[in-house]
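Enquirer: what's the 3D shape of this:
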Amino acid sequence: MNGKEKATKIVDQMYNNDAFSQWLGIERIEEDEGKSILRMTIRPEMLNGFGIAHGGITFSFADSAFAFASNSHGRKSVSIETSISHTAPLRAGDVITAITSEESLSNKIGIYYIKIIKQDGQQVALFKGTVYRTTKEW
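Expert: The predicted structure is shown next:
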């Protein structure tokens, strides 16, 4: 099994047991070792009192991409630090894509950036996450 096949098998297992990512309506576009690209649509029930997407929606979306990418190497990895900057509002009907880049990977630590863009290519959020890589295999 090559790296991409292994990554897909791991992400299948994670996604199939992740009711929240499923509720978000996440569509998996691409996965590979250290990589995850996801897409989803903002729904009316995801809006806050300002009529824009609640910040927790984009955070959760990015967090799913982060989890999938960081676990795709085959070692169970858990989040130890995350942050997000929201750079533009989202409204119902907007289609967003999370693009993950693996910035650093060592035996124990992985650092990832997730850029979230909407359908017109505008960046709407930037997420940074750090994981601890356990010795447990998927």
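Enquirer: relative to the lengthiest strand in the chain, what are the paired strands and their orientations?
Expert: Assignment by DSSP state E gives strand 123-137 as the longest strand of the chain. The strands that strand 123-137 pairs with in its sheet are strand 75-86 (antiparallel), strand 109-118 (antiparallel) (by DSSP bridges).
Enquirer: for it, list the C-alpha coordinates in CSV.
Expert: Output in CSV follows, covering the C-alpha atoms of strand 123-137 (Å, rounded to 0.1, in the frame of the first residue of the first chain):
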residue,chain,number,x,y,z
GLN,A,123,-9.0,33.8,1.8
VAL,A,124,-11.4,33.9,4.7
ALA,A,125,-9.4,32.3,7.5
LEU,A,126,-5.9,31.0,8.3
PHE,A,127,-5.5,28.3,10.9
LYS,A,128,-2.3,27.0,12.5
GLY,A,129,-2.1,23.8,14.4
THR,A,130,0.5,21.8,16.3
VAL,A,131,0.2,18.1,17.0
TYR,A,132,1.9,15.6,19.3
ARG,A,133,2.7,12.4,17.4
THR,A,134,2.2,9.4,19.6
THR,A,135,3.9,6.1,19.0
LYS,A,136,0.5,4.4,18.4
GLU,A,137,-0.2,3.3,14.8
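Enquirer: let me know which of the strands paired with strand 123-137 is the nearest to Ile42.
Expert: Ile42 lies closest to strand 109-118 among the strands paired with strand 123-137, at 8.7 Å (C-beta to C-beta). All C-beta spots, glycine's among them, are computed from the backbone N, C-alpha and C.
Enquirer: pull the CA atoms of that closest one into PDB?
Expert: Taking Å, rounded to 0.1, in the frame of the first residue of the first chain, the C-alpha atoms of strand 109-118 are listed here in PDB:
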ATOM      1  CA  ILE A 109       5.700  17.200  16.600                       C
ATOM      2  CA  GLY A 110       3.900  18.300  13.500                       C
ATOM      3  CA  ILE A 111       3.000  21.800  12.500                       C
ATOM      4  CA  TYR A 112       0.300  22.500   9.900                       C
ATOM      5  CA  TYR A 113      -1.300  25.600   8.300                       C
ATOM      6  CA  ILE A 114      -4.800  25.400   6.900                       C
ATOM      7  CA  LYS A 115      -5.900  28.200   4.500                       C
ATOM      8  CA  ILE A 116      -9.600  28.500   4.100                       C
ATOM      9  CA  ILE A 117     -10.900  30.100   0.900                       C
ATOM     10  CA  LYS A 118     -14.300  30.700  -0.500                       C
END
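Enquirer: cool, thanks, signing off.
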